[in-house]
Structure formats: structure tokens, C-alpha cells
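In: can you look at this prediction? I've put the sequence above it.
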Amino acid sequence: MFNFEEVNKKGKEAMDTALKNYSDVSKGFQAIAAETAEYSKKSFQDGVTHFETLAGVKSFEAAFELQSNYVKSAYENFVAEATKLGEMYADLAKVAYKPYEAPVAAVTKAASKAAAPATAA
């Protein structure tokens with residue numbers, strides 16, 4: 001006999017899981033967008049400050065040293081930010097995959113049992 005209450009319950013659980021997952025993934029993307037915007041803002045401000053400082057330099061040597069330090073600092077900041085964003089994307093992928101982890105593992109386990117050759121007794 002077909003149990004409508006059980007089907008309804010399972011459907012509600014699936015929908016709740018999907019909505020929670022959507023919410024978690026949205027929060028992850030919002031955090032990444034906020035981090036990217038903050039880095040862009042800081043990078044732009046650092047560039048403006050550097051240009052203002054560079055404009056006031058009197059010698060070529062001082063300008064060269066200032067520019068070299070700025071480029072080194074900008075590169076180090078970029079690498080740090082790229083690393084941080086990479087970690088945020090990896091965490092987001094884990095969150096997005098989490099609801100599917102158990103069902104995929106169950107299907108994989110069932111498939112591997114079905115594919116395994118029968119042993120002779």
C-alpha cells in the first residue's frame with residue numbers, strides 16, 4: 001500500500017534540506033563578495049596613498065625604492081588574499097556538498113557491492 005504520509009514527510013524533509021543548503025551557500029557567496037569588495041577597497045586606497053607619496057619624492061633613488069616596496073607589498077597582499085579566497089571557496093564547496101554526502105556514499109557502496117564478483121564457496 002502506498003503511504004502518502006511517509007511520502008509527504010520525506011518530501012518536506014528534502015525541501016527543508018534544500019532550502020537550508022541554499023541559505024548556507026548564499027551566505028558563503030555573500031561572505032566571499034564582502035571579502036572581495038573589502039580587499040578591492042583597501043587595495044585602491046593603498047594605491048592612492050602610494051601615488052600621493054610617490055608624487056612628493058625628490059630623487060629617483062627614493063622613488064625607485066618606494067615603488068619597489070609598494071610592488072612587493074601589493075604582491076604579498078594579493079597572494080594572501082588569493083589564499084584566503086581559495087579557502088573560502090573550498091569551505092563553500094564542502095557546505096554545498098554536505099547534504100549529498102550520505103546519499104552519494106550509499107549509492108557508491110551499493111554500486112560497489114553489485115559490481116563485486118561473487119566468491120566461490
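Out: Cool, the structure landed.
In: residues in contact with the closest residue to residue 84 other than its chain neighbours?
Out: Nearest residue to residue 84, sequence neighbours excluded (C-beta to C-beta, 6 or more residues apart in numbering): residue 35, at 6.9 Å. In this view, the C-beta of every residue, glycine as well, is placed from N, C-alpha and C. Residue 35 makes contact with 81, 84, 85, 88, according to C-beta atoms under 8 Å, 6 or more residues apart in numbering.
In: nearest to residue 96 among those residues?
Out: residue 88 (12.5 Å; C-beta to C-beta).
In: now the closest one. Its backbone dihedrals?
Out: phi -60, psi -40 (degrees, to the nearest 10).
In: what's the closest non-adjacent residue to the residue nearest to the spatial centre of the chain?
Out: Centroid check for the chain by C-alpha atoms, centre = their mean gives residue 89 as the closest residue, at 1.3 Å. Residue nearest to residue 89 in three dimensions, not counting chain neighbours: residue 32, with 6.9 Å by C-beta to C-beta, 6+ apart.
In: thought that neighbour was touching residue 91?
Out: No - using C-beta atoms under 8 Å as the test, residue 32 is too far from residue 91 to be in contact (9.7 Å).
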